[in-house]
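Engineer: build me a model:
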Amino acid sequence: MIRHLAADRGVDLGQLHGTGRGGRITRADIEHAAAPPGPPAEATTQPLAPPGSPGPPVDATAQPLTAAGPGAGARVRATPYARRLASELRVDLTDLHGTGENGAIRAADVHAAAAARARTEPRERGPLPPAPPDGGRHRPAPEPAAAAHRGERPGGDERQQRSAAMRRAVGDLMSRSKREIPHYYLSTVVDLAAALRWLRERNQGRPPSDRLIPAALLLKAAALAGRDVPQLNGFWQDGGFVPADGVHLGVAVSLREGGLLSPVIHDADTLPPEALMATLKDLVRRARQGRLRGSELTGAGLTVTNLGEQGVEAVFGVIHPPQVALVGFGTVVERPWATDGLLGVRPVVTATLSADHRASDGAVGARYLTRVDRLLQSPEAL
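Structural biologist: Okay, the predicted model is just below:
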């Protein structure tokens with residue numbers, strides 16, 4: 001897809017003039033924009049690896065760039081995310097030696113440089129740097145460190161440094177979110193009796209590894225509701241709301257050694273519950289192994305966090321900028337519940353919404369949560 005290709009190559013679609021029919025942007029336009037300008041005659045630079053050549057598991061989109069800062073003008077090789085991260089952490093790319101393919105600088109190298117500086121200098125507190133030129137629309141979550149990229153288990157000190165660096169990156173991003181985004185919060189309690197009954201019937205005869213779990217239905221309901229209430233599925237950019245080009249769900253995943261990642265399930269509203277659950281399991285497994293691809297960390301227009309397995313009944317999350325909403329689900333509990341004038345015990349879950357008041361208001365948020373509730377009352381339609 002053109003948007004995904006542009007995100008992978010670090011190209012801003014708003015700056016392109018399409019050469020296709022009717023001014024449409026083509027693949028050739030993106031590849032031309034992503035290609036670096038030719039070096040001067042007297043300069044010697046190492047050629048790029050051809051598109052499609054194998055690369056590291058996450059930073060597979062490495063391309064050269066001109067670093068900003070004290071060393072501006074020097075040519076360095078770095079991934080688009082490493083460039084954004086270096087801007088946030090105030091790291092000069094020209095001082096780094098990349099560990100990626102052909103010496104490309106990866107996010108892990110930037111994290112390591114920032115951690116080393118923090119050990120030798122007092123940490124300066126100041127305003128965050130301005131958002132990247134694309135408005136931060138495709139800002140992935142923090143990446144694992146170098147040892148995780150190689151599939152190795154880091155040592156104790158390295159694990160602590162990695163966890164501390166990732167925690168700082170998450171903290172900076174969430175501080176920016178709470179400072180810049182006027183959050184509002186809503187919650188509702190959803191009766192899951194019909195959904196769990198449908199799950200039991202659907203799981204009959206299946207081996208345990210293939211059985212559906214409630215999280216699959218919750219994710220599908222969140223995705224369909226995002227399609228039906230598009231004001232919550234998109235980005236706040238340049239002072240206005242920009243709708244996402246599909247329902248791409250980010251799923252918050254906690255890493256065993258600390259920190260968070262938000263891998264993305266693209267076009268989640270089109271996947272049946274079985275495919276959605278299989279995709280979720282695969283993404284969570286590879287996120288904790290540090291083996292996600294760059295395209296699996298970008299493009300989310302709406303994020304879901306589920307702390308049900310931790311026993312939490314309700315979670316009110318912080319919006320991941322530049323997104324405008326975050327959905328939370330707690331654990332399934334049994335509570336007294338009145339239905340048709342009769343009191344009984346029913347399984348319920350608390351669904352919450354954190355939303356950006358610049359892009360929507362409480363009426364829109366209430367419509368979203370009501371839609372989630374109604375979808376879960378008819379699980380056969382999911």
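Engineer: surely residue 269 touches residue 227?
Structural biologist: Yes. Judged on C-beta atoms under 8 Å, residue 269 makes contact with residue 227 at a distance of 4.7 Å. Bear in mind the C-beta positions are built from the backbone N, C-alpha and C, glycine included.
Engineer: give me the common contacts of the two.
Structural biologist: Residues touching both residue 269 and residue 227 (C-beta atoms under 8 Å, 6 or more residues apart in numbering): residue 247.
Engineer: which one of those two is surrounded by more residues?
Structural biologist: Between residue 269 and residue 227, residue 269 has the larger neighbour count (other C-beta atoms under 10 Å), namely 19 against 16.
Engineer: mind listing what's buried in the longest helix anywhere in the chain?
Structural biologist: Secondary structure of the chain per DSSP state H: the longest helix is helix 156-180. Buried residues in helix 156-180, counted by 16 or more other C-beta atoms under 10 Å: 158-159, 161-166, 168-170, 173-174, 176-177.
Engineer: now do the strands in the stretch 101-250 of the chain.
Structural biologist: 183-191, 234-237, 240-243, 249-251 (DSSP state E, counting those that start in this stretch).
Engineer: in its sheet, what does the helix or strand following the shortest one sit against?
Structural biologist: Towards the C-terminus, the helix or strand next in line after strand 249-251, according to DSSP states H and E, is strand 253-254. The strands that strand 253-254 pairs with in its sheet are strand 260-261 (antiparallel) (by DSSP bridges).
Engineer: quick check: mean pLDDT of the strand it pairs with?
Structural biologist: In this model, strand 260-261 has an average pLDDT of 86.
Engineer: for the next helix or strand after it, which helices and strands make contact with it?
Structural biologist: As assigned by DSSP H and E, the chain's next helix or strand after strand 260-261 is strand 264-265. With contacts taken as 3 or more C-beta pairs under 8 Å, 6 or more residues apart in numbering; DSSP states H and E, strand 264-265 sits against strand 249-251, helix 273-289.
Engineer: for the residue lying closest to residue 174 once chain neighbours are set aside, which three-state class applies?
Structural biologist: Here the nearest residue to residue 174 in space, its sequence neighbours aside, is residue 318; by C-beta to C-beta, 6 or more residues apart in numbering that works out to 4.9 Å. Under DSSP: H, G, I helix; E, B strand; the rest coil, residue 318 falls in the coil class.
Engineer: if we can go back for a sec, any chance of CSV for the strands of the stretch 101-250 of the chain, columns distance to residue 283 and mean pLDDT?
Structural biologist: Formatted as CSV, the strands of the stretch 101-250 of the chain follow (distance: least, C-beta to C-beta, whole Å; pLDDT from 0 to 100):
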stretch, distance to residue 283, mean pLDDT
strand 183-191, 24, 97
strand 234-237, 21, 95
strand 240-243, 24, 96
strand 249-251, 7, 95
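Engineer: please identify the deepest-packed of these.
Structural biologist: Most buried of these, by mean neighbour count (mean count of other C-beta atoms under 10 Å): strand 249-251, with a mean of 26.
Engineer: among the strands of the stretch 101-250 of the chain, which comes closest to residue 348?
Structural biologist: Closest to residue 348 of the strands of the stretch 101-250 of the chain, according to C-beta to C-beta: strand 183-191, at 5.1 Å.
Engineer: any idea which of the buried residues of helix 156-180 is least confident?
Structural biologist: For the buried residues of helix 156-180, the pLDDT minimum is residue 159, 68.
Engineer: for the stretch 201-350 of the chain, which residues score under the pLDDT cut-off?
Structural biologist: Residues of the stretch 201-350 of the chain meeting the criterion pLDDT under 70: 257.
Engineer: isn't residue 110 right up against residue 90?
Structural biologist: No. Contact criterion C-beta under 8 Å: residue 110 and residue 90 do not qualify, at 10.3 Å.
Engineer: and residue 323, how many neighbours?
Structural biologist: So residue 323, with other C-beta under 10 Å, has 27 neighbours.
Engineer: what residues are up against the nearest residue to residue 325 once chain neighbours are set aside?
Structural biologist: Excluding the flanking residues, the one nearest residue 325 by C-beta to C-beta, 6+ apart is residue 232, at 4.0 Å. Residues near residue 232 by C-beta under 8 Å, 6+ apart: 226, 302, 324, 325, 353, 355, 359, 360, 364, 365, 368.
Engineer: narrow these to those in strands?
Structural biologist: 302, 325, 353, 355 (DSSP state E).
Engineer: okay, now the domains of the chain?
Structural biologist: As assigned by automatic domain parsing, the chain contains the domains 1-35, 50-175, 182-381.
Engineer: quick check: the gap between the closest residue to residue 182 other than its chain neighbours and residue 184.
Structural biologist: The shortest distance from residue 182 to any non-neighbouring residue, by C-beta to C-beta, 6+ apart, is to residue 357 (4.2 Å). Counting by C-beta to C-beta, to the nearest Å, the gap from residue 357 to residue 184 is 5 Å.
Engineer: same check on residue 347?
Structural biologist: From residue 347 to residue 184 the distance is 28 Å (C-beta to C-beta).
Engineer: same deal with residue 167?
Structural biologist: As judged by C-beta to C-beta, residue 167 and residue 184 stand 27 Å apart.
Engineer: wait, a strand at residue 348?
Structural biologist: Yes. Residue 348 forms part of a strand when assessed by three-state DSSP.
Engineer: for it, list each beta-bridge partner.
Structural biologist: Applying DSSP bridges, one finds that residue 348 bridges with residue 191, residue 333.
Engineer: equivalent analysis for residue 354, please.
Structural biologist: residue 185, residue 326.
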